[in-house]
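Colleague: sequence-free structure coming up:
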């Protein structure tokens, strides 16, 4: 790994990253280089004030611009000096606040590799027991450091040197995970990577919700999967996600229904039934409560807008 004291200033590295993202992306289109699985790049040329997505476990850096995220009832802001980290799948609402053709919003993200994190944990001093036992949000921001930014820049630079990818990309990926594990996000990553911590147990239930959200899943079933009593499960679920299990499932359903109406052009009733609603009127009420407008109007307004990806970058 490079000596942090020998790295160029953050502004220089950020400018280098911006050039690399601009060279690889088209406005509004998520770019996932086949040569670097798990890496995502995105560019937006105008503000986008209401997108919904489910963030996978990842670290995301804004290289230019800023963004707002709504997780449950909580609001997170981050920009060029803060990275975002999500340690489990989370439904969120997002807004790109600063973007123009002259100064587009540019972002890069890397999906977290839990096997890499577990391997690194074997080489680092053990964390204090209270760190692993504590609850904390599964999504947060941290200060972008010169070594972390430099590692991302070197990872993207490998796209211009395909002969070096196989040998060097795994090393740079490992370095990025190391920088996260030894930085502000370290405690959260250790919680998620350690079997039988509360975070790890709740994550098992969330995995079920993400694949079976259209089903009527009793909370008792989810608590049992997590190996917790009902009240304990509720407490830890909300501590991690800022939502109750029911609110989490509802947002998954409504986010997917919106996607179906936009991309597959389903009508509201069909989309509602597809995601598990039995009552179209209940679907319409809950849709309006989350998005601020009825499904028909929301979709009509959005069909005239540029398509913006619902990834962790948009």
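Modeller: Okay, I see it. All of these numbers come straight from a predicted model, not from anything done at the bench. Numbering: from 1, shown residues only.
Colleague: hang on, residue 159 packs against residue 31?
Modeller: No. With contact defined as Cβ atoms under 8 Å, residue 159 does not reach residue 31; the gap is 10.3 Å. C-beta: built from backbone N, CA, C; applies to glycine.
Colleague: who touches both of those two?
Modeller: Counting by Cβ atoms under 8 Å, 6 or more residues apart in numbering, the common neighbours of residue 159 and residue 31 are residue 24.
Colleague: Tell me if I'm right that residue 198 and residue 237 touch.
Modeller: No. Contact criterion Cβ under 8 Å: residue 198 and residue 237 do not qualify, at 9.6 Å.
Colleague: out of these two, which sits in the busier spot?
Modeller: residue 237 (27 against 22; other Cβ atoms under 10 Å).
Colleague: all strands of the stretch 1-150 of the chain, in order?
Modeller: 39-44, 48-55, 58-64, 66-71, 74-79, 82-86, 90-98, 105-111, 139-143 (DSSP state E, counting those that start in this stretch).
Colleague: Next, format those strands as TSV and append mean neighbour count, mean pLDDT and distance to residue 203.
Modeller: Listed next are the strands of the stretch 1-150 of the chain as TSV, based on neighbours: other Cβ atoms under 10 Å; pLDDT from 0 to 100; distance: least, Cβ to Cβ, whole Å:
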stretch	mean neighbour count	mean pLDDT	distance to residue 203
strand 39-44	25	96	21
strand 48-55	19	86	14
strand 58-64	22	97	15
strand 66-71	20	95	16
strand 74-79	15	94	19
strand 82-86	23	96	12
strand 90-98	21	94	11
strand 105-111	24	97	15
strand 139-143	17	94	13
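Colleague: quick one, helices of the stretch 101-250 of the chain?
Modeller: 114-123, 129-133, 146-157, 162-181, 186-193, 198-212, 219-226, 230-241, 245-263 (DSSP state H, counting those that start in this stretch).
Colleague: Could you check the angle the last one makes with strand 66-71?
Modeller: The reference is to helix 245-263. Orientation of helix 245-263 against strand 66-71 (axes from the mean of the first three to the mean of the last three Cα atoms, to 10 degrees) gives an angle of 130 degrees.
Colleague: quick one: buried residues of helix 245-263?
Modeller: Across helix 245-263, burial judged by 16 or more other Cβ atoms under 10 Å covers 245, 247-262.
Colleague: do the longest one as well
Modeller: Neighbour counts over helix 162-181 (16+ other Cβ under 10 Å) mark 165, 169, 172, 173, 174, 175, 176, 177, 178, 179, 180, 181 as buried.
Colleague: my read: the last one touches residue 121, true?
Modeller: Right, residue 181. Yes. Residue 181 lies in contact with residue 121 (Cβ under 8 Å); the separation is 7.1 Å.
Colleague: Give the residues shared as contacts by the two.
Modeller: Joint contacts of residue 181 and residue 121 (Cβ under 8 Å, 6+ apart) are residue 190.
Colleague: and residue 233, how far is that from residue 204?
Modeller: Separation of residue 233 from residue 204 (Cβ to Cβ, to the nearest Å): 11 Å.
Colleague: More neighbours: which of these two?
Modeller: residue 233 (23 against 12).
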